[in-house]
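>>> how would this look folded up:
(chains A and B)
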Amino acid sequence: MTKKSHVQTTINDETVEFLCEPRQSLLEVLRDELHLTGAKEGCNNGNCGACSVILDGRLVNSCLVLGIETEGHSVETIEGLAEPEELHPIQDAFLENAALQCGICTPGFIMSAKALLDQNPKPTEHEVRYWLAGNLCRCTGYDKIVRAVLDAAAAM
Amino acid sequence: MQAFEYIAANTVSEVVTLLDEKGENARILAGGTDLIVQVREGKRNLDWMIDIKSIPEVNEIDYNADSGLTLGAAVPCYQIYAVEDICDAYPGLIDATTIIGGTAIQGRAAIGGNLCNASPAADAIPPLIVLKATCVIAGPNGEREIPVEDFCTAPGQTVLEKGEMLVSIKIPAPQENSSSYYLRFIPRNEMDIAVVGAGASVVLDAAKERFISARIALAAVAPTPLFAEEASTLLAGREISDSVIDEAAQAAQSISRPISDMRGTAEQRTHLVGVLTRRALNGAIQRVKEAV
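As a prediction, this is how the structure comes out:
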């Protein structure tokens, strides 16, 4: 086993310190070390987007980032989205549109949608579909998800 | 994933020293979208991952209408298409950077990484070839620069010698009445690997009726991305017409030596080279004509 390194990073606006081996992905660190289990492991190779988080304002697959690479950087996860008493408008829109069934892909889709709306508050349907192409859902057929993101954009 | 040591290097010379010392056991980490998967899936063994993202030279993205573009080896795709001048100057490169993976991949994946990964199907390499890009390589014996079409030598293999790293990619400034185009064939709309990819750049005369010069490059039809030299040179000085474009497409087909695999048969790929070469040339010509 390789020696563990001390890493300090910002997660959902809070300074967080953890120990990890270089081989641990950000996804593994989030789930196994920090117990933030919102981001999901789907394919573990960058195809499915279930592990999507926002790193320094950019959408990334947390399975393709090493935990140790986040030293000094800033990570946003699904856990940071809702206020204590209130869901984020994107979360509301997913519920209203029934944009989830089994829910495994949902945290990834919502983080991906947030990254989109952060930089393009009023996307077209085409832009939403293209942006979300890296997130796979095997339940909904995508249409409800796309409508939820467009509704969230209108509500925000 | 197998265990390895991680080093965040701060200078090019530090990386060169490390690579020279560790040899095959060390690998450079830029975006990580290929490397991390390869290590996780046991396709690549290494003891050292050298993260270069803190090195200023590999993060450089500098465009100037006179001198062209210097693109650091670790600059991720999204930073490239965020610069309007670069989108205007090298539309063929932008075609590729916007279709490599999805949004999350483009947030990390670097063009330099696409080169060093040396996939025959790499989407960024044909546009770099047609844009006459060069690779700036640092090594124990100093710096050298080579044309991008000479960089890949086999699937996953490059000209990089022990101790050498790709520092940046240079693309000359676009000429008057020129443009570029890249497209690929995939069975879905996005998030896939090219069955065949084709890039073209053209320089037209002032009337936009004749080729002054052209360059064509192909992906996924040989062990490395290919510069279609004969197809390119035969266009020089010719009047633009469907038949001259067909001639170039046939010349491109004649140098293709595709394999049959799960993405497509050799026969289909050869056919696609003709179709995509025509579309890439027409796309680049159209862009010159539409420019104001």
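
>>> So the chain: which segments form each domain?
Just so you know, I chose chain A. Per automatic domain parsing, the domain ranges recorded for chain A read A:5-80, A:89-155.

>>> that's the wrong chain, I meant chain B
Domain assignment for chain B by automatic domain parsing gives B:5-51, B:56-171, B:178-290.

>>> and residue A:28, which of the ones you listed is closest to it?
domain B:5-51 (10.7 Å; CB to CB). In short, each C-beta sits where N, CA and C put it, glycine included.

>>> Quote the end-to-end distance of that closest one.
11 Å (CA to CA, to the nearest Å).

>>> possible to save the domains of chain B as TSV with mean pLDDT, distance to chain A and mean neighbour count?
TSV is the format used below for the domains of chain B (pLDDT from 0 to 100; distance: least, CB to the nearest CB, whole Å; neighbours: other CB atoms under 10 Å in any protein chain shown):
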stretch	mean pLDDT	distance to chain A	mean neighbour count
domain B:5-51	96	4	18
domain B:56-171	98	2	21
domain B:178-290	97	4	20
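
>>> Quick check: closest non-adjacent residue to residue A:39.
residue A:51 (4.8 Å; CB to CB, 6 or more residues apart in numbering or on different chains).

>>> so how many other residues sit close to that neighbour?
Neighbour count for residue A:51, taken as other CB atoms under 10 Å in any protein chain shown: 30.

>>> With distance to residue A:114 as extra columns, can I get the domains of chain B in a markdown table?
Shown next, in a markdown table, are the domains of chain B (distance: least, CB to CB, whole Å):
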| stretch | distance to residue A:114 |
| --- | --- |
| domain B:5-51 | 21 |
| domain B:56-171 | 12 |
| domain B:178-290 | 20 |
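
>>> With distance to residue B:9 and mean pLDDT added, can I get the domains of chain A in CSV?
Shown next, in CSV, are these (distance: least, CB to CB, whole Å; pLDDT from 0 to 100):
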stretch, distance to residue B:9, mean pLDDT
domain A:5-80, 13, 98
domain A:89-155, 29, 97
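
>>> Pick out the residue in chain A sitting closest to chain B.
Residue of chain A nearest chain B, by CB to the nearest CB: residue A:134 (2.3 Å).

>>> ok, that residue - contacts?
Residues near residue A:134 by CB atoms under 8 Å, 6 or more residues apart in numbering or on different chains: A:47, A:49, A:52, A:61, A:112, B:101, B:102, B:103, B:104, B:105, B:191.

>>> switch to 6 Å and redo it
Counting by CB atoms under 6 Å, 6 or more residues apart in numbering or on different chains, residue A:134 touches A:49, B:102, B:103, B:104.

>>> and the residues you listed, which two are the farthest apart?
Distances among the contacts of residue A:134 were taken as CB to CB; the most separated pair is A:49 and B:103, at 8.7 Å.

>>> hang on, residue B:136 in a strand?
Yes. Under DSSP: H, G, I helix; E, B strand; the rest coil, residue B:136 falls within a strand.

>>> Was I right to think it contacts residue B:145?
Yes. Between residue B:136 and residue B:145 a contact is recorded at 5.4 Å, counting by CB atoms under 6 Å.

>>> Residue B:291: which of the contacts of residue A:134 is nearest?
residue B:103 (28.3 Å).

>>> How much space separates the closest one from residue A:131?
5 Å (CB to CB, to the nearest Å).

>>> same thing with residue A:64?
In this view, residue A:64 and residue A:131 are 18 Å apart by CB to CB.

>>> So which of those two has more stuff around it?
Taking other CB under 10 Å, residue A:64 and residue A:131 do not tie; residue A:64 has more neighbours (27 against 22).

>>> The more buried one is in contact with residue A:46, isn't it?
Yes. Counting by CB under 6 Å, residue A:46 is a contact partner of residue A:64 at 5.0 Å.

>>> what touches both of those two?
residue B:33.

>>> Show me the strands in chain A, by range?
In chain A, the segments counted as strands under DSSP state E are A:5-11, A:14-20, A:52-55, A:58-61, A:74-76.

>>> what would these look like in TSV with distance to residue B:225 and mean neighbour count?
Output for the strands of chain A, formatted as TSV (distance: least, CB to CB, whole Å; neighbours: other CB atoms under 10 Å in any protein chain shown):
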stretch	distance to residue B:225	mean neighbour count
strand A:5-11	37	17
strand A:14-20	37	14
strand A:52-55	30	27
strand A:58-61	25	28
strand A:74-76	35	20
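
>>> can I get the ones you listed in JSON lines with distance to chain B?
Below are the strands of chain A laid out as JSON lines (distance: least, CB to the nearest CB, whole Å):
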{"stretch": "strand A:5-11", "distance to chain B": "7"}
{"stretch": "strand A:14-20", "distance to chain B": "10"}
{"stretch": "strand A:52-55", "distance to chain B": "6"}
{"stretch": "strand A:58-61", "distance to chain B": "4"}
{"stretch": "strand A:74-76", "distance to chain B": "13"}
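
>>> From residue B:19, how far out is the closest residue to residue A:81 other than its chain neighbours?
Closest residue in space to residue A:81, ignoring its immediate chain neighbours: residue A:88 at 4.3 Å, by CB to CB, 6+ apart. Residue A:88 is 45 Å from residue B:19, where distance means CB to CB.

>>> for residue A:126, same thing?
Relative to residue B:19, residue A:126 is positioned 44 Å away (CB to CB).

>>> and the residue positioned nearest the centre of chain B, what does it touch?
Nearest to the mean C-alpha position of chain B, by CA atoms, centre = their mean, lies residue B:125 at 1.8 Å. Neighbouring residues of residue B:125 by CB under 6 Å, 6+ apart: residue B:225.

>>> interface residues of chain A facing chain B?
Contact residues, chain A versus chain B (CB under 6 Å from any CB of the partner chain): A:2, A:22-23, A:45-46, A:52, A:58-61, A:64, A:68, A:131, A:133-134.

>>> what are the ranges of the helices in chain A?
A:26-28, A:89-96, A:106-119, A:125-131, A:143-155 (DSSP state H).

>>> Quick check: which of the ones you listed is nearest to residue B:234?
Closest among the helices of chain A, once you apply CB to CB, is helix A:125-131, at 36.7 Å.

>>> Pull out the buried positions in that closest one.
For helix A:125-131, the neighbour count (16 or more other CB atoms under 10 Å in any protein chain shown) marks A:128, A:129, A:130, A:131 as buried.

>>> returning to what we had before: in the residues of chain A next to chain B, find the pair that's most separated.
Those two in those that are separated most widely, counting by CB to CB, are A:2 and A:131, at 36.5 Å.

>>> Which SSE is immediately downstream of the one helix or strand residue B:116 maps to?
Per DSSP states H and E, residue B:116 falls inside helix B:111-117. Sequence-wise, the next helix or strand downstream of helix B:111-117 (DSSP H and E) is helix B:125-130.

>>> Centre of the chain to that next one, how far?
Distance of helix B:125-130 from the chain centroid (CA atoms, centre = their mean, to the nearest Å) equals 5 Å.

>>> Good, we can wrap up now.
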